[in-house]
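In: sequence and computational prediction follow.
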Number of protein chains: 2
Amino acid sequence: MEAIMFTPRAIGHVRGPYKETKDVPKGLGAKQDAEGVIEILPTFEPGLMDIEGFSHLFVIWMFDRSEGFELTARPPSDNRPHGVFATRSPRRPNPMGLSVVELLRRDGPRLHVRGIDMLDGTPVLDIKPYLSSVPQETLRRGWLAEAEARAGK
Amino acid sequence: MEAIMFTPRAIGHVRGPYKETKDVPKGLGAKQDAEGVIEILPTFEPGLMDIEGFSHLFVIWMFDRSEGFELTARPPSDNRPHGVFATRSPRRPNPMGLSVVELLRRDGPRLHVRGIDMLDGTPVLDIKPYLSSVPQETLRRGWLAEAEARAGK
């Protein structure tokens, strides 16, 4: 059984400070607090109604400057390979990224946000409200926690 | 500027208790604690290496039984319309869903999880590790909090 797939379309684009992959803070302890704008295309602006009531949003976007994929990845925060689905590697079977951003304010089709970790110009595919959190103390973070422990972080 | 898009492909499928949309708990106070399996296609199984170290996962999937989209949606938890990007409506410009599931155990290509809110047979597009939470007390939840307040929940 193979479902008929859809053709993704950009609903907007990221405007932010990172022009190249090397500009994005990566690795253990990297802080993602860059501010930027998610600029929604005019056609889709009515889809933003009431979004300003949410403090945080999920943004699904496309790794448009990544090519192909590998099933194991060596993340910048570790020197060991891990399965791509246990990492945030850009080289994924479906080249999609997911970011949690804080919504600072909305200015028409422009969402001013904190937590930009995508490149400037990145196509945005979807935005969803962030409704609830898994309590931090119940999270297990596998290889990442081990890499942090080895690094003494 | 229009990026060249990718053609999404299923990396696996959801096996769960919900056969039709009406079976999925919805609306205010709905609990998503159904257990099920995310069955990864054999080709992609190496991508799961080390995933068992994570307690929670993000799952990006396709609303394969939804057609078309509307820019405003009337969610089951409210009687007022909201912008589609401020809701989890299935009728989105890119018909993708996002769920946070708890990983109970891995059995080869089968991830046994809690928190299934997709239909049985749903194509899975991506899995990512859940690394950190926004503290619940810092979240604002807009129209949803207002609807809860009106309903006395």
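Out: It's in. Being a predicted model, the structure only gives us computed values, none of them experimental.
In: stretch A:69-77 near chain B at all?
Out: Yes - using CB under 8 Å from any CB of the partner chain, we find that stretch A:69-77 touches chain B at A:71, A:72. Any C-beta I mention is one placed from the backbone N, CA and C, and that applies to glycine too.
In: how long is that stretch end to end?
Out: 19 Å (CA to CA, to the nearest Å).
In: list the buried residues of that stretch.
Out: Residues A:69, A:71, A:72, A:73, A:75, A:77 are the ones in stretch A:69-77 that count as buried (16 or more other CB atoms under 10 Å in any protein chain shown).
In: repeat for stretch A:107-117
Out: Buried residues in stretch A:107-117 (16+ other CB under 10 Å): A:109, A:110, A:111, A:112, A:113, A:115, A:116, A:117.
In: remind me, longest strand of chain A?
Out: Ranked by residue count under DSSP state E, the longest strand found in chain A is strand A:96-107.
In: which element is the nearest residue to residue A:28 once chain neighbours are set aside on?
Out: Distances taken as CB to CB, 6 or more residues apart in numbering or on different chains place residue A:77 nearest to residue A:28, at 4.7 Å, with adjacent residues excluded. Under DSSP states H and E, no helix or strand contains residue A:77.
In: and the contacts of the longest strand of chain A?
Out: With CB atoms under 8 Å, 6 or more residues apart in numbering or on different chains as the test, strand A:96-107 has contacts from A:32, A:35, A:38, A:48, A:51-52, A:54-63, A:88, A:90, A:111-118, A:122, A:125, A:130, B:58, B:60, B:98, B:125-126, B:128, B:134.
In: 7 Å - rerun?
Out: For strand A:96-107, contacts defined as CB atoms under 7 Å, 6 or more residues apart in numbering or on different chains pick out A:48, A:51-52, A:54-63, A:111-118, A:125, A:130, B:58, B:60, B:125-126, B:128, B:134.
In: now do stretch A:41-60
Out: Residues from elsewhere that reach stretch A:41-60 (CB under 7 Å, 6+ apart): A:10-12, A:38, A:40, A:96, A:98-103, A:106, A:108-109, A:124-130, B:60, B:71-72, B:82-86, B:93, B:96, B:98, B:134, B:138-143.
In: make it 6 Å
Out: Residues outside stretch A:41-60 that contact it (CB atoms under 6 Å, 6 or more residues apart in numbering or on different chains) are A:11-12, A:96, A:98-103, A:106, A:109, A:125-130, B:71, B:82-86, B:98, B:134, B:139-140, B:142-143.
In: are any of these buried, and if so which?
Out: A:11-12, A:96, A:98-103, A:106, A:109, A:125-130, B:71, B:82-86, B:98, B:134, B:139, B:142-143.
In: chain center to the worst-scoring helix or strand of chain A on mean pLDDT, what's the gap?
Out: For chain A, scoring each helix and strand by mean pLDDT, DSSP states H and E identifies helix A:142-151 as the least confident one, at a mean of 91. Per CA atoms, centre = their mean, to the nearest Å, the displacement of helix A:142-151 from the mean C-alpha position of its chain is 21 Å.
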